[in-house]
Every structure is written in structure tokens, then in C-alpha cells.
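Novice: everything below, folded, please.
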Amino acid sequence: MRLHCEVEVVSRRLPALGLRNPGKGVRALLSLCQQPAPRSPPRPPAGRAGAPRPACLLVSTLRDKRGTRYEQLKGNIEQFFTKFVDEGKATVRLKEPAVDICLSKANSSSLKSFLSAVRLAHRGCDVETPFSPLTPVKTSEFEKFKTKMVITSKKDYPLSKNFPYYLEHLQTSYCGLVRVDMRMLCLKNLKKLDLSHNHIKKLPATVGDLIHLQELNLSNNHLESFSVALCQSTLQKSLRRLDLSKNKIKALPVQFCQLRELTVLKLDDNELIRFPMKIGQLTNLQFLSAARNKLPFLPSEFKDLSLGYLDLFGNTFEQPKVLPVIMLQTPLTLLESSARTILHNRIPYGSHIIPFHLCQDLDTAKTCVCGRFCLNSFIEGMTTMNLHSVAHTVVLVDNMGGTEAPIISYFCSLSCYANSCEMLK
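Specialist: Modelled structure (predicted):
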């Protein structure tokens, strides 16, 4: 039985000698083996099988493929430390030699099975899983433990074998992929996925099952949308950097703003005609680039952003309209009044409580300059804003040296509009 993990062997006697442990784990292959049989073993009495050979622990690394052997596990383990076993961490404390074998970055289920077998060997019980041979480990065994793989040509793309299970960084660019390979979605340790320069048209919702994914690069593909399912997946808690540049995306769903851990968002060279209305909810966003799109104006909540870098060069921004668009309703409809109450009081809602189309209405409600909400009864006005008010570094929006862009503003009542009319001049 073998376990891929990082191993640090800590001697408990070094501090008494005034020495320090190295303090760093290395990639290793941990094997549960049986000690070799003696050269001239005594013959067992007739009708009896010989006593089983004692188990030992073998720690092999890429530098030391023969490995370090820890003999006689039976009765030789002082303690197991398994508090963080679900995180792939554990420690086996041996009596002799006086060392702690610290394990980390292991698959949690494999680690539990391995510790269970070691515990049986310590008690002198029969171990049901087969023992590993006491032979030097092959280099190919460590290939399974790779954490980074970069493929930049179609001929190097693996067709007959799986990706290493422990990958944390995978790049497959210029491989002609037309869809996301489902084998990638089994890489539960993946933190960075780069699928740039392919021909991918659609993302499967199961990309959201990569619970540790922090960076996703989909630039230079044929994407036309970013699905609501991905916006409502575990990517909400993990995704930090997203590159969707050089695709064919026309709009992002309003639920996109639920990806609130985003710090970097690249949308250059798409066909965007609008930003999500709730973009101000991306409170962690520091880098936003959406150059060379078809944005006519910015949504009202854009002014709630606080960016370090902003690039909106080459968009088709319109000139602000002189007259506002008045859509006020008097008296307010029951739908309008109810929607405003729900949103103002932050009452939870969902498709399991109210019809789905009403949820969509609430999700796309407009925010008045006073902070209240409006659905179908509002006044719409347009003005310009200096982009330096939301970003420290701003790329000019045009070749004329401008840093101003048109922004939509909404007013829930005539009094709100009257109080803000100076802003619209």
C-alpha cells in the first residue's frame, strides 16, 4: 500500500543536542511493506504456517528512490495525530527511532485508509490491503504527484492517460479544444486553470465543482456567455482572477456579481453592450479591463467600485441625453410596492418561495441615488462621471485624452430627481 504526500521527518532528540530540524516537507511516496524474510528461516512445525513477517514503513523521495526504512511497526508507534486528517494532514510518532513522521498534502480518503492499515500493523493484526514491495520507487511513480502541467501544443495533449490527480496548475493552450475536457473537472486540487487560445464555445456548469479554483483563464476562445450556474457555484468563494478577453460575449448575467472574491477581471475585445447592473457588489475588485467593446454607458452602481486599475478604452460611449426618461407610476402598483418593501428590508427570497420571474425582477431592480430601490416606476437620467473617482489608474477612454464616461442614474420619485437635478446639468 502506498500514499503520495509531503513528508517531513522530525527528530525529537535534536533539540536536546542544540540542533534544529530542517523544518521543510518534501514530496514523497510512503509505502507500507513487509520486512524481507531471513536467508535461512527455520522450518515451521508440520501443519503450521510460519509467523507473518513484521511490517515496516518506507519513505521514498525523488532524490532517494531506495528510501528510508523504519523497521518493526508492531508496538513501535507511540501516537497518531489525526486532528487535521480531513485536510490531508497527520503525524505518526515512532518510539524508536524517536521521530515524528509528519504527512501533509495527501488525499484525505487515501490518508485515512493508509493510517488505518498502519494502525493494524502497529497492533500486530492482519492487514487486509496488500503490502508494497521493498524495491526502489520508479521515477514514473512521482509523475503522478505533479502539481503543475503546461501543454502548449496539440501533439502533447494527453489522450490515452489521465491528468495527474494532484495537479494544482493546469495550462492547455493552443490545443484546439472545442469543449472543456471532463477529466479536468476531476482535479479537485486545481487552483489555476488556463484554457486560453482554444475554440471553446460553452462552459459546463461542473467547472463550478472545482472548489479550490482561484484563477481561470479563458481568453482567446469562442465563448458567447458566462452561465448563471457558474455564478452561483462554489466559485463565489474561491475565484480571484478571471480572464474572458477576446471572446464573443455580449452581456454578463446579473448573478455574475455574486463572484464577490474577484480581484482581477479582464473582458477586453468582446462584444459587451452592458455591464451587470449590480457591478458595485464586486467590492474586492482591483483590476478591471474592458477595452474595445460596445459599451454605450455605465450602470449606476459602477460608481460604488473602488479600483486600482481601470481600462475602458475603445468603447462606443454615447453622449449624455439632455432630457430624462420618465417612467413614474401613480399610484404605485402592488408589484412595485411589494418589490420595494422586500428589497428595502432585505427580506430573503427565492424560487422556492415566489415564482421565478418575480425573482428575476427583484434581481434586476434599479438602485435610486438615494439608496432605495425601484422596479418599473422610475426616472432615468444620464450624466458623465470622471473615472478617476472610482480608480487610481485610468487608461484614457479615447484618443482625445478623456477620462470621463456616461453613467445611468435612476430616481425612485420626483422628489429624488428634483434634489439631484444639479448632478444632471
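Novice: the longest helix in the chain is where?
Specialist: helix 108-123 (DSSP state H).
Novice: quick one: mean pLDDT for that one?
Specialist: For helix 108-123, mean pLDDT rounds to 86.
Novice: and stretch 279-296, by the same measure?
Specialist: The model assigns stretch 279-296 a mean pLDDT of 95.
Novice: in that stretch, what counts as buried?
Specialist: 279-282, 285-293, 295 (16 or more other C-beta atoms under 10 Å). C-beta here means a position set from N, CA and C on the backbone, and glycine is covered the same way.
Novice: coming back round to it: quick one: list the elements packing against the longest helix of the chain.
Specialist: strand 2-11, strand 26-34, strand 77-81, strand 90-94 (3 or more C-beta pairs under 8 Å, 6 or more residues apart in numbering; DSSP states H and E).
Novice: run the angle between the last one and strand 2-11 for me.
Specialist: Going back to what we said before, that points to strand 90-94. 60 degrees (axes from the mean of the first three to the mean of the last three C-alpha atoms, to 10 degrees).
Novice: export strand 90-94 to PDB, keeping only CA atoms.
Specialist: Taking C-alpha atoms only, strand 90-94 is exported to PDB below (Å, rounded to 0.1, in the frame of the first residue of the first chain):
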ATOM      1  CA  ALA A  90      -1.400  13.600  10.000                       C
ATOM      2  CA  THR A  91       1.600  12.700  12.100                       C
ATOM      3  CA  VAL A  92       2.900   9.200  13.100                       C
ATOM      4  CA  ARG A  93       5.100   9.300  16.200                       C
ATOM      5  CA  LEU A  94       7.500   6.400  16.500                       C
END
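Novice: whichever helix or strand comes after it pairs with which strands?
Specialist: Later in the chain than strand 90-94, the nearest helix or strand by DSSP states H and E is strand 99-104. Under the criterion DSSP bridges, strand 99-104 sits next to strand 2-11 (antiparallel), strand 90-94 (antiparallel) in its sheet.
Novice: what's the longest one in contact with?
Specialist: Think strand 2-11. 21-32, 59, 61, 68, 88, 97-107, 110-111, 114, 132, 141, 144-145, 166 (C-beta atoms under 8 Å, 6 or more residues apart in numbering).
Novice: just want the angle from it to strand 26-34.
Specialist: With the same axes, to 10 degrees defining the directions, strand 2-11 sits at 110 degrees from strand 26-34.
Novice: could you chop this structure up by domain?
Specialist: Domain assignment of the chain by automatic domain parsing yields the ranges 2-34+54-140, 146-294, 325-388+402-424.
Novice: right, so the ones you listed: which one is the most enclosed?
Specialist: Highest mean neighbour count among the domains of the chain (mean count of other C-beta atoms under 10 Å): domain 146-294, with a mean of 17.
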